[in-house]
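Student: model this:
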Amino acid sequence: MKHLLLFLSIIFVFGYYSLQSQSLRKVVIEEATNASCGPCALQNPTFQKWLSNHSEIVIPVIYHAWWPGSTDPMYVFNKDMNETRINYYGITGVPSGRVNGKIATPTGNWYAGAVGDTIALNNELVKQPFYSPITIGLTLQHNNGNGSIHIDISSLAKFSNKKLRVAVCEKHHYYENAGSNGEKEFYYVARLMLPNATGTNISLDVGESKSFDFDFTVDPTCADDLYAVAFIQDDNTKEILQAEWTIEQTKPKEPNYAFILLRLDLSDVGGSGDVVYLDVQALNNSNSDAVFSLSPESATSLPQDWTVEIDGNKSQVTIPANGKEAIRLKVTIGSTVAIADILLSAQVQGETKTLQTPSVTIVHQSVERLHILGGEPTHSILPIISNTGWGGKFYGLSSTNYESIYNKLNSLKTIIWNGSTTGEVTSSVGYLLQDAIYNNINVIICGGRITQGLISSGVLPLLGVQFIAYCREGYGQAPWPVTLAGVQNDPISWDFGNNVQGNLIQYLLPLYRIINPTTTTPIMTFAKSKDSIFAVKVEYENSRAVLLGLNPYIILDGTIRTKLISRSIDWVEGVSAADDDILQPADFADISVTPNPASNNVSIALNCKKNITKARIYLTNVIGETIGIVYEGELLAGETTLTYSLSTLATQVLYLVAELDESIKVCVIQKVK
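Tutor: Numbering: from 1, shown residues only. Sure thing, here's the model as predicted:
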């Protein structure tokens, strides 16, 4: 086979590195609000204070919705812009915020997108890289409502098919009576976008620069303290890659040492023998020379026939004071079908903290099964899958990575798209799921907020159902009890019975009406009415689909949860448990972790029924990335106790995976501070 060099990263342009300095990454915070919205009036003061405290890095742009008050003067000022941007994010309630185009994972009892949830905003802000390979220069000139904007954009990373969006905003406006919620002071109000809210297509090669000019006219009564914002956005993922505004702020303190990964997409696909290059810029911002000890790493277990190395076999580089160094990782994909997360790590001499780039997910093009996490991580169903006979046969991916690589995969059989509790099916994900169905790929869709997106992207009718309403059974304070039922003679839920106890976690369950009984039949219903359907299976000519209009963790009985997922996979793949050998009993009776939640050391107790010749016990994050090996080797029958330290890990949900010969067991661990 001819080896294909996948130049999916950045071609080296050494001379250009010396000419262009790195750019701080600015973070755009967009909010949808309304002057007659009570919760907006309650949350906005806290939100405004948070914006002020982070003004050196955060750029606010605030749109006004047409509900609950359709006469909000800031909405009426530019209806098209406000509606376009709010609908772009699929926002259906206010206040609702986005951080660089993404919803921050909520904390406590807050809902996803709440701008008063400043802990969630802080958590999302910390995730943003300090530097960006994109540089934006921006100037604004205006007089009495007439103005012009000039933009210069250059990049150290190649990108294509992105959107440049330009907004003209008013920093502050006073309205005596804008609405019914009592607010009178309004800040960072978006007034217009140039040339419109759709934006301008932009692509740049490595080292390329482009300039843009826009003229505008705005009502002079709103022109006292205008500022301009320019940002580059990926319409597929909604991520904002870089931004700038015309309000000068204090420059944040830069780190002494840093890596810039010179790419904007964090996923690649290739086949056996293909090579992927990852280019990195190492920065020494200190006033002394620095020695970087370099190490290419894989955050997941790397197959033996895959290799990752530093081009030129560099293991150590000395970077002069206030200097930079170009480093390239070379990844050769082997014949083993797998997914690997590759990154560059460095130990700077005299420093205790390890420096790392973000990881890039590299997917073998022949992967057959994917679990795609589209929502919050706490309720990922990958641990449930790992407890079934399908454990180890599904690879975990984030929704963003999936959107980037879908069209490059050539062997997909089954996709599980899991929205957890808060994950919404965006239009781009909906179209990909639709395309998968049309291309005879089996699909399982589940989650707590999936219905609206399935409707807007046209997927719901394809599944043979129509949305009626949301069930209000047990509606009240969490946990909200609900009683569910299986369906007699159904191959998935035949033995679930009529008294499946559940607790709604955050969102109500949808009620579906089957509109195509030729293809679609119910899997689960509410116990009070067999016609109250929220889960169905669909049989096409050459593929199958399962729609679970719930987060499976709603079901209290773990055995039923596992059966629901395991049998759904069995059914879409045409597997019968009676004649298939993948369903293996566990080789141990139990696994437990104490303490849990834990901040430091945990004790892991296993009770093996027999001697285990090949044991591998490790920790993964919510999308299946291996982040620590607990034990590898043999285990004797009986009880075994292992100790592992979590002290260096961030607060997150972890999965302890125990592979014992041919069996898999998973335990959830909550890492806390």
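Student: is V229 in contact with V58, as I believe?
Tutor: No: if you go by CB atoms under 8 Å, V229 and V58 don't touch, sitting 11.4 Å apart. Every C-beta, even on glycine, is put in place using the N, C-alpha and C of the backbone.
Student: okay, those two: which has more neighbours?
Tutor: When V229 and V58 are compared for neighbours, V229 comes out ahead with 27 against 22, by other CB atoms under 10 Å.
Student: how about the contacts made by the more buried one?
Tutor: Contact analysis of V229 by CB atoms under 8 Å, 6 or more residues apart in numbering lists 28, 59, 61, 166-167, 169, 243-246.
Student: any chance of TSV for those residues, columns secondary structure, pLDDT and neighbour count?
Tutor: Shown next, in TSV, are these (DSSP: H, G, I helix; E, B strand; the rest coil; pLDDT from 0 to 100; neighbours: other CB atoms under 10 Å):
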residue	secondary structure	pLDDT	neighbour count
V28	strand	98	23
I59	strand	98	26
V61	strand	98	22
V166	strand	98	21
A167	strand	98	26
C169	strand	98	24
A243	strand	97	24
E244	strand	97	22
W245	strand	98	23
T246	coil	97	16
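Student: contacts made by stretch 437-447 with the rest, please.
Tutor: By CB under 8 Å, 6+ apart, stretch 437-447 touches 374-375, 381, 412-421, 423, 425, 433, 436, 454, 459, 462-463, 540, 542-552, 568-569, 572-573.
Student: which of these are buried?
Tutor: Buried by 16 or more other CB atoms under 10 Å: 374-375, 381, 412, 414-421, 423, 425, 433, 436, 454, 459, 462-463, 543-552, 568-569, 572-573, out of the contacts of stretch 437-447.
Student: dihedrals phi and psi, the residue nearest to I565 when sequence neighbours are not counted?
Tutor: In space, and not counting its chain neighbours, I565 is closest to I384: 4.8 Å by CB to CB, 6 or more residues apart in numbering. Dihedral pair for I384: phi -70, psi -40, per degrees, to the nearest 10.
Student: how about I384, what does it touch?
Tutor: By CB under 8 Å, 6+ apart, the residues touching I384 are 552, 561-562, 565.
Student: so which of the residues you listed is the closest to L606?
Tutor: Set against L606, the nearest of the contacts of I384 by CB to CB is T562 (19.3 Å).
Student: wait, a strand at that closest one?
Tutor: No: T562: not assigned to a strand; according to DSSP: H, G, I helix; E, B strand; the rest coil it is helix.
Student: C-terminal to the helix or strand hosting V168, what's the next element?
Tutor: Following DSSP states H and E, one finds V168 within strand 159-174. Downstream of strand 159-174, the first helix or strand assigned by DSSP H and E is strand 185-194.
Student: so how far is the next helix or strand after that following strand from its chain's centroid?
Tutor: Once strand 185-194 ends, the next helix or strand along the chain (criterion: DSSP H and E) is strand 200-204. Chain-centre distance of strand 200-204: 24 Å, with CA atoms, centre = their mean, to the nearest Å.
Student: can you check stretch 519-526 too?
Tutor: 30 Å.
Student: what of stretch 368-375?
Tutor: Mean C-alpha position of stretch 368-375 versus that of the full chain (CA atoms, centre = their mean) differs by 11 Å.
Student: before we move on, the earlier item: so what's in contact with V229 and V58 at the same time?
Tutor: Contacts common to V229 and V58, judged by CB under 8 Å, 6+ apart, are V28.
Student: mind pulling up the pLDDT for K324?
Tutor: With respect to pLDDT, K324 has a value of 94.
Student: repeat that for L649.
Tutor: As predicted, L649 sits at a pLDDT of 86.
Student: how close does the residue lying closest to it once chain neighbours are set aside get to S420?
Tutor: Spatial nearest neighbour of L649, chain neighbours left out: K671 (5.4 Å); criterion: CB to CB, 6+ apart. Computed as CB to CB, to the nearest Å, the K671 to S420 distance reads 18 Å.
Student: Three-state assignment for N87, please.
Tutor: helix.
Student: and if you look at Q452?
Tutor: Secondary structure, three-state DSSP: Q452 is helix.
Student: how about the strands in the stretch 451-600 of the chain?
Tutor: Secondary structure of the stretch 451-600 of the chain (DSSP state E, counting those that start in this stretch): strands at 465-470, 480-486, 500-504, 510-514, 520-526, 529-539, 544-548, 588-594.
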